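[1] coords below, sequence missing:
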């Protein structure tokens, strides 16, 4: 597992103090604007449970929740965000998120039907010179641990047409991954009564996303 160099100063002392390997941790991003950033609270713990049972990644099976201005933000290099509604970053949060991503952090955003317009608006404020780019099917994120030759699986039918995966790149390195018209994270919870094969595809893609972050 690869941890970005910029984060070793945070992770290594903690690991040494505990006398055990550092655990990978996914933190959920809290945001303002009225969107339900908190929905499906069991999704991330369930994904981390699958990571622990299927891979060599040791993941914490809880879910820290952080805002962009929290002191603990830089303890969590992998941020997850989702929701159905509006997102609004303050000017200070825009600067903080940009610095977080430019220094080794990663943001995975999953549209849970209704946050697309707001997410695109706010991420454009964070990186006005770096567009969201649709990823081709041969991108490594679709082949990292499990193989998805046709790109993203479609977990929920929100709109007609195929699911889309987008990235923002800095110097060739992807720092934001955004999934649209699929809702991968809904498949990480049994709350929506999805068939077992659909949930399996969601878990597999989630594992690919985490594996990609840790190896690139």
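    Here it is on my side, so go on. Since we're looking at a predicted model, the values are computed, not measured. Numbers count the residues shown, from 1 in each chain.

[2] Identify the bridge partners of the residue positioned nearest the centre of the chain.
    Central residue of the chain (CA atoms, centre = their mean): residue 108, 2.3 Å from the mean position. On the basis of DSSP bridges, residue 108 is bridged to residue 80, residue 177.

[3] and it, what is it in contact with?
    By CB atoms under 8 Å, 6 or more residues apart in numbering, the contact list for residue 108 reads 78-81, 176-179, 209, 213. Backbone N, C-alpha and C define where each C-beta goes, glycine included.

[4] Give me the buried subset of those residues.
    Buried members of the contacts of residue 108, scored by 16 or more other CB atoms under 10 Å, are 78-81, 176-179, 209, 213.

[5] and of these, the nearest to residue 118?
    When the buried ones among the contacts of residue 108 are ranked by distance to residue 118 (CB to CB), residue 81 comes first, at 11.0 Å.

[6] how far away is the closest one from residue 58?
    23 Å (CB to CB, to the nearest Å).

[7] possible to save the buried ones among the contacts of residue 108 as TSV with pLDDT and distance to residue 168?
    Output for these, formatted as TSV (pLDDT from 0 to 100; distance: CB to CB, whole Å):
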residue	pLDDT	distance to residue 168
78	98	15
79	98	13
80	98	16
81	98	14
176	98	4
177	98	8
178	98	8
179	98	13
209	98	14
213	97	14
